[in-house]
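Trainee: I'll drop the sequence and a predicted model, then ask my questions.
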Amino acid sequence: MTDVTTEFEKATEAVFTDGDVERARLLLGVDTPIKNQEHVTTASYDSIRNFAWGVGDSNPLYTDEHYGETTRWGSQVAPNIMSQIMGAPMLGDPMPDEIKRAAKGLFTGIHVFVSGGSNEWFRPILPGDRIVGYAGEESIEVKNSEFSGTSVIQVRRSVRLNQRGEIVAIQRVVRVLSERKKARERGKNSTIEPASYTDEDMRRIEEIYAQEGPRGADPRYWEDVSVGDDLPPMVKGPLTTTEIIAFHAGGYGFAPYGLKSSRLAHENRQRIPAFFVKNDQGVPDVAQRLHWDSEWAKAIGNPRAYDYGVMRQTWLHHYLTDWAGDDAFVLRQEDSMRKFNYQGDTQFISGAITQKRQTPEGGVVDIEMQMTNQRGEKTTFGTATVALPSRIGGAVVLPQPEISEQRKAAEMYARHLELVAERRR
């Protein structure tokens, strides 16, 4: 047996060095192809359905192979938020050598939390669409955190393209980097009691689930909604390890680290040994297991295992699409996670229309959302812009990215195709 306390102490020793932030600043504005291979590279009937199931979404537009054929999309489509977890390796020119050398080993052993982000969408994902992308660091900021003392906030921006070189989505991810040891020593969240539920508590949750459902083929017209309208409630949880497994089974692969088994896990341990921490049986296991292993979560200052930030982003998207119906299109979503969602916690989602306006493409509404846990704490905040069909103006018109972004995407994709052709010669 391994002395797990000693092992965890060793794994939480890493601290920020004086040069880390300055080296990280060299990466700002440097876009390079995303070379990771995600679990899902190409949308299929099955992968779209499985992703929706992993989120807890029963919408037949996503889960039925044929339902979408009679909608305005003419096909099954993926929830827009699926663009976050898809990706085939994109070929392109590498990062300049001097920057690559300076960034080697940057923030090794420092813990990373996803605290939110934003997405803009321009095209639906259809079966057969293959997604590639390029990305770069957009900003970096040093802050003082109650949870872990000094923390570094990084925003990474990525552009996702389909096999036609069209921009599908532009995504920004806000990452909080913190020293594991300081978070544990401060113990800000260590007194949070585990959730427990009476039969009455569970009945309340089940009643909300029972009234949920997608609006579907009944159009929600722009003319029929008003500022101040509440969206119906939705619930997610109580969070269990099973929900985490279902989310991974739906396609979330956590690349470039990933979840691998047997020989592939061995290869991963050789490639990124710092990502593996021994458990109490002496087996090196992934650092990300704090999403299901409460003992390891405690080692970095949390009372028990907790969810992925990406999970809550997909939940907010599910909330929007259930309300909006088949003919709508979510244009933008922004979200911020303010508190952890621990195993056993339940998230109650609410929202309301805050603005209704006309754009060159048609009528849109702005929506504010929030999640509140069973302790009455507001854990997550979100905003979104949704394009709705119009009784007067007709179907939703999809937006176009900025011309400068389209040019950049065209250049990156042309280089990708050129290198693909070279490989095939």
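Mentor: Alright, I've got the coordinates.
Trainee: isn't Val174 right next to Val155, touching?
Mentor: Yes. In terms of Cβ atoms under 8 Å, Val174 counts as a neighbour of Val155; the distance is 5.5 Å. In short, each C-beta sits where N, CA and C put it, glycine included.
Trainee: so what sits against both of the two?
Mentor: By Cβ atoms under 8 Å, 6 or more residues apart in numbering, Val174 and Val155 have these common neighbours: Gly117.
Trainee: Pick out whichever of these two has more residues nearby.
Mentor: Counted by other Cβ atoms under 10 Å, Val174 and Val155 do not tie: Val174 has more neighbours, with 21 against 17.
Trainee: Any idea what that one is bridged to?
Mentor: Beta-bridge pairing for Val174 (DSSP bridges): Gly116, Val155.
Trainee: Which residues are in contact with it?
Mentor: Counted by Cβ under 8 Å, 6+ apart, Val174 has contacts Val114, Ser115, Gly116, Gly117, Ile153, Gln154, Val155, Ser336.
Trainee: Let me see the confidence value for it.
Mentor: What the model reports as pLDDT for Val174 is 93.
Trainee: Repeat that for the one 5 residues further on.
Mentor: pLDDT, Glu179: 74.
Trainee: ok, the closest residue to it other than its chain neighbours - how many residues close by?
Mentor: Among residues not flanking Glu179 along the chain, Val15 sits closest, at 5.3 Å (Cβ to Cβ, 6 or more residues apart in numbering). Burial measure for Val15: 13 neighbouring residues, criterion other Cβ under 10 Å.
Trainee: shouldn't Val15 be in contact with Leu177?
Mentor: No. If you go by Cβ under 8 Å, Val15 and Leu177 don't touch, sitting 11.4 Å apart.
Trainee: So for stretch 30-45, what gets flagged as buried?
Mentor: For stretch 30-45, the buried set under the neighbour-count rule, 16 or more other Cβ atoms under 10 Å, comprises Asp31, Thr32, Pro33, Ile34, Lys35, Asn36, Glu38, His39, Val40, Ala43.
Trainee: And stretch 55-71, by the same measure?
Mentor: Neighbour-count burial for stretch 55-71 flags Val55, Gly56, Asp57, Asn59, Pro60, Leu61, Tyr62, Thr63, Tyr67, Gly68, Thr71 (criterion: 16+ other Cβ under 10 Å).
Trainee: If you rank every helix and strand of this protein by mean pLDDT, what lands last?
Mentor: helix 180-186 (a mean of 56; mean pLDDT, DSSP states H and E).
Trainee: Would you mind identifying the next helix or strand past that one?
Mentor: Later in the chain than helix 180-186, the nearest helix or strand by DSSP states H and E is helix 199-211.
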